[in-house]
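**Student:** Fold the stuff below for me.
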Amino acid sequence: MGLPRRAGDAAELRKSLKPLLEKRRRARINESLSQLKGLILPLLGRESSRYSKLEKADILEMTVRFLQELPVSSCPAAPPTLSDSYREGYRACLARLARVLPACRVLEPAVSSRLLEHLRRRAAGATPDGGHAGDSGGPPSPARPPAPAPSPPASPRGPGLWRPW
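**Tutor:** Sure thing, here's the model as predicted:
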């Protein structure tokens, strides 16, 4: 006899909680619409005091219209293009390599500096397809000799595997 009573209790609980949950949901919607109104009116150049009693549908329509008219290039939240993302990743890798390469002493300092200089030149016009901006497909133009890089500080433990501790 205990089972039907528990099922009845659960149903009663749901019935009593449903209006409270609905009230909370509506309060969240109204709060978000109020914030949206506060954001969109100044962007449209309208005074908030004149539009104190806007309907919810009006707020949403104004926002949709504003976003549709917003140029894609001026949108700060626009995702980066594939090319921009590639360049950013290339530069981040280059920066990390510039820190790690001298410290690990895998290459001679002169070779290391030449490699980093080459990669920096490539970063200036790197593209996602591995090409170079402005590349005509011909041989690379002669480059100026790289400046000598400062030698890395001597390790107290001597040459070997670099460890951060």
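**Student:** From now on I want contacts and neighbour counts done on CA atoms only, so please keep to that.
**Tutor:** Will do.
**Student:** For the chain, just list every one of the helices.
**Tutor:** Counting by DSSP state H, the chain has helices at residues 2-44, 56-69, 82-104, 109-123.
**Student:** tell me the most buried of those?
**Tutor:** With neighbours defined as mean count of other CA atoms under 10 Å, the helices of the chain peak in mean count at helix 109-123, which reaches a mean of 16.
**Student:** and it, what does it pack onto?
**Tutor:** In terms of contacts (3 or more CA pairs under 8 Å, 6 or more residues apart in numbering; DSSP states H and E), helix 109-123 is packed against helix 82-104.
**Student:** tell me the angle the helix it packs on makes with helix 109-123.
**Tutor:** 170 degrees (axes from the mean of the first three to the mean of the last three CA atoms, to 10 degrees).
**Student:** and helix 82-104, C-alpha only, in PDB?
**Tutor:** Below are the C-alpha coordinates for helix 82-104, written out as PDB (Å, rounded to 0.1, in the frame of the first residue of the first chain):
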ATOM      1  CA  LEU A  82      40.700  30.700 -41.200                       C
ATOM      2  CA  SER A  83      43.600  32.700 -42.400                       C
ATOM      3  CA  ASP A  84      43.600  34.900 -39.200                       C
ATOM      4  CA  SER A  85      43.400  31.900 -37.000                       C
ATOM      5  CA  TYR A  86      46.300  30.200 -38.800                       C
ATOM      6  CA  ARG A  87      48.500  33.300 -38.600                       C
ATOM      7  CA  GLU A  88      47.700  33.700 -34.900                       C
ATOM      8  CA  GLY A  89      48.600  30.000 -34.200                       C
ATOM      9  CA  TYR A  90      51.800  30.300 -36.300                       C
ATOM     10  CA  ARG A  91      52.900  33.300 -34.300                       C
ATOM     11  CA  ALA A  92      52.100  31.700 -31.000                       C
ATOM     12  CA  CYS A  93      54.200  28.600 -32.000                       C
ATOM     13  CA  LEU A  94      57.000  30.900 -33.100                       C
ATOM     14  CA  ALA A  95      57.000  32.800 -29.800                       C
ATOM     15  CA  ARG A  96      57.100  29.500 -27.900                       C
ATOM     16  CA  LEU A  97      59.900  28.200 -30.100                       C
ATOM     17  CA  ALA A  98      61.900  31.400 -29.600                       C
ATOM     18  CA  ARG A  99      61.800  30.800 -25.900                       C
ATOM     19  CA  VAL A 100      62.500  27.000 -25.900                       C
ATOM     20  CA  LEU A 101      64.900  26.600 -28.700                       C
ATOM     21  CA  PRO A 102      67.800  28.500 -27.200                       C
ATOM     22  CA  ALA A 103      67.200  26.900 -23.800                       C
ATOM     23  CA  CYS A 104      67.300  23.300 -25.000                       C
END
